[in-house]
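Visitor: fold the following, please.
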Amino acid sequence: MALPDDFLQELKSRSDIADVVSSYVNLRHSGRTLSGLCPFHSEKTPSFHVYPENGSFYCFGCGAGGDVITFIRRIENLDYMEAVRHLAQRAGISVPESDADQGLARVRGRILEINRETARFYHTQLMSAQGTPGREYLLGRGLTPQTIRHFGLGYAPDSRFSLVNFLSGKGYTPEELLQANVAVRASTGRVMDRFFARVMYPIIDLRGNVIAFGGRTLGDNKPKYLNTSDTLVFHKSTGLFAMNFAKNNAKDGLILAEGYMDVIALHQAGFTNAIATLGTALTTEQARLLARYTGEVFLCYDSDEAGQKASSRAIPLLREAGLTVRVLSLSAGKDPDEFMRSYGEQGPARFRQLMESSGNDVEYRLQKLRAGHNLQTADGKVAYLTGAAELLATLDSRMEQEIYAGRLAEEIGIERSSILMQVDKNRKKRRKDQQRREFRAFQQQTAGIRDTVNPEKSRHLRAANAEEALIVYLMQHPDAAKALEAALPPENFVTAFNRRLYTVILGKIKDGKACGLTDLAGEFSVEEISSVAKMLADYHQVNVTAQDAKEYRNVILQENAKLEPQDAAAAAPQDIRDYLQRLREQKK
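Guide: Take a look at the predicted model:
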């Protein structure tokens, strides 16, 4: 949707990018910009920059960039209009809606209504005679009626049409039920209930909307757990069960469990900071969501082999998100739910003791490593120490490395200095590997290799670089648009993406509209806006003059006249960077 220019300008003026980003990222002033650790990839050295003067951000590490709308799209996993609404609500202004956007918003609204009605239906069924099997199951698992109500638990009757008939009676169409994924279409073409003969767990987002369901079978139906598939309002890779409750109790850490019943049992026992993933392994997006609410996570997965493997996979993701990780070891039961039931009234106190005595993730991983080797043999000791040295090399703190190296030395009976020497070798190797990857990525980025937004760049590098410089000049000097278009019509651009971008910017200027990133965000994808943000970041603090623009225009015309494939490796992209550096030095 092409939003009115006056609305975009008001949204932009009320949504200062530094203020918005700083609510997610710890920013520090660095001259005229702000910098911090990128929220979109794991890094230890800040490569994420915010440019308040043009309302943009760009990460030189992963290439994420854009305006304030693009930032919200990425960080909240929203589409363009959802991000606009998010910012508008934050700014206290209303959003003008087109018919198409109103239609999409209406579909989302209907799905949320269906989910709300479905949750009420399942809960009513649970409390009825028909819900006896579900009620007996939940009460048998030790849940109180208050807990059942608090979580809105329900029961899907052993019928394939009870929910469909109920919702149809409220005016919802079969197509809407399919869109909400509360129903499926049978091979006969008939629409019927997705869930039946299952205890139902509503999944609620941070705004209090029912967005999906998880269902546990009480019979022999497979799978044991069935979840809503992704819909317009639900993405399982980003959601967390009970986060709507736990977010308000996350100050002292969050407990990450494996299943719905584990979380519910913990909440009932007073641990209202417990959450769980939605039937999938922990994702990077979920780890980043946790990091927005707390600095510490207590990993409380099942004590069986599958749970331990899940813990091993989750730890690196949590650490990369900047979280301190502690691992709970449950001995009286394989999961928190069984732990609480096995200890009865003493369960909460014992669980609290477990949390207070829990080891961190390094101790946990060393223990797992130790268990995998026979320390009675020389080969076993060497293998154990080799793995331990590799693990310690991943730690940022030298103090941590020395403490654990000392423990290992005492345990195995060797000098601590020998272990630290191997740790340092591993660190140097990791650093070299990282530098090699970063340099390779820089080479590819500079030469346009693997540029999915402008794939022609690698073949027409000289032209593409000149086009980008000219686009930045146009965005910085919109008053030059008329003369520039006369001297260089869009059809003279060599690469298709830059041609389209140039055309859109010229069109906006002709219409008397602004042409900043926010003004372009609605007409380009997140990846395309990131590419434009990179152009602005590359030319930050460089005043491209009219004479520079003329030279870039001549380069484009020359390259357009050739229209022959260029060898990216021979194009010497450093030339244009050297020129930029000279301009920067002149500015000082």
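Visitor: give me the contacts around stretch 393-410.
Guide: For stretch 393-410, contacts defined as C-beta atoms under 8 Å, 6 or more residues apart in numbering pick out 44, 362, 366, 385, 388, 392, 415-416, 418-420, 423-424, 426-427, 430. C-beta here means a position set from N, CA and C on the backbone, and glycine is covered the same way.
Visitor: among these, which two are most distant?
Guide: Farthest pair in these (C-beta to C-beta) is Lys44 and Glu415. Separation: 28.9 Å.
Visitor: where's Gly322 relative to Val263, distance?
Guide: According to C-beta to C-beta, to the nearest Å, Gly322 and Val263 sit 23 Å apart.
Visitor: between the two, which has more neighbouring residues?
Guide: Set Gly322 next to Val263 and count neighbours by other C-beta atoms under 10 Å: Val263 wins out with 29 against 16.
Visitor: can you name the next helix or strand after whichever strand or helix holds that one?
Guide: Assigned by DSSP states H and E, Val263 falls within helix 260-268. As assigned by DSSP H and E, the chain's next helix or strand after helix 260-268 is strand 274-276.
Visitor: now do the buried residues in that next one.
Guide: Using 16 or more other C-beta atoms under 10 Å as the burial criterion, the residues of strand 274-276 that qualify are Ala274, Ile275, Ala276.
Visitor: average pLDDT across it?
Guide: Taken as a whole, strand 274-276 has an average pLDDT of 97.
Visitor: again with stretch 293-307
Guide: Over the span of stretch 293-307, the pLDDT mean works out to 88.
Visitor: quick one: terminal-to-terminal distance for that stretch?
Guide: Here the two ends of stretch 293-307 are set 24 Å apart, with distance taken as C-alpha to C-alpha, to the nearest Å.
Visitor: ok, and what's touching that stretch?
Guide: 246-247, 250-258, 262, 266, 273-274, 290, 308, 310-311, 314-315, 318, 322-331, 333-336, 355, 358, 361.
Visitor: show me which residues of that stretch are buried.
Guide: Under the neighbour-count criterion of 16+ other C-beta under 10 Å, stretch 293-307 has Tyr293, Thr294, Glu296, Val297, Phe298, Leu299, Cys300, Tyr301, Asp302, Ser303, Gly307 buried.
Visitor: can I get stretch 228-243 in PDB, CA atoms only?
Guide: Taking Å, rounded to 0.1, in the frame of the first residue of the first chain, the C-alpha atoms of stretch 228-243 are listed here in PDB:
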ATOM      1  CA  THR A 228      -1.400 -25.400  14.800                       C
ATOM      2  CA  SER A 229       0.500 -25.000  11.600                       C
ATOM      3  CA  ASP A 230       1.800 -21.500  10.800                       C
ATOM      4  CA  THR A 231      -0.900 -19.000   9.900                       C
ATOM      5  CA  LEU A 232      -1.200 -15.300   9.300                       C
ATOM      6  CA  VAL A 233      -1.100 -14.700  13.100                       C
ATOM      7  CA  PHE A 234       1.200 -17.500  14.200                       C
ATOM      8  CA  HIS A 235       4.800 -18.600  13.500                       C
ATOM      9  CA  LYS A 236       6.000 -21.400  15.700                       C
ATOM     10  CA  SER A 237       9.600 -20.500  15.200                       C
ATOM     11  CA  THR A 238       9.100 -17.200  17.000                       C
ATOM     12  CA  GLY A 239       6.500 -18.000  19.700                       C
ATOM     13  CA  LEU A 240       7.000 -19.300  23.300                       C
ATOM     14  CA  PHE A 241       4.300 -20.900  25.400                       C
ATOM     15  CA  ALA A 242       3.400 -18.900  28.600                       C
ATOM     16  CA  MET A 243       5.600 -16.000  27.600                       C
END
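Visitor: where does pLDDT dip in the stretch 51-200 of the chain?
Guide: 98-102 (pLDDT under 70).
Visitor: Asp205: which of the buried residues of strand 274-276 is nearest?
Guide: Closest to Asp205, out of all of these and judged by C-beta to C-beta, is Ile275, at 12.8 Å.
Visitor: now the buried residues of stretch 293-307 in JSON lines, with distance to Met340?
Guide: Formatted as JSON lines, those follow (distance: C-beta to C-beta, whole Å):
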{"residue": "Tyr293", "distance to Met340": "24"}
{"residue": "Thr294", "distance to Met340": "22"}
{"residue": "Glu296", "distance to Met340": "22"}
{"residue": "Val297", "distance to Met340": "20"}
{"residue": "Phe298", "distance to Met340": "15"}
{"residue": "Leu299", "distance to Met340": "17"}
{"residue": "Cys300", "distance to Met340": "12"}
{"residue": "Tyr301", "distance to Met340": "16"}
{"residue": "Asp302", "distance to Met340": "14"}
{"residue": "Ser303", "distance to Met340": "14"}
{"residue": "Gly307", "distance to Met340": "16"}
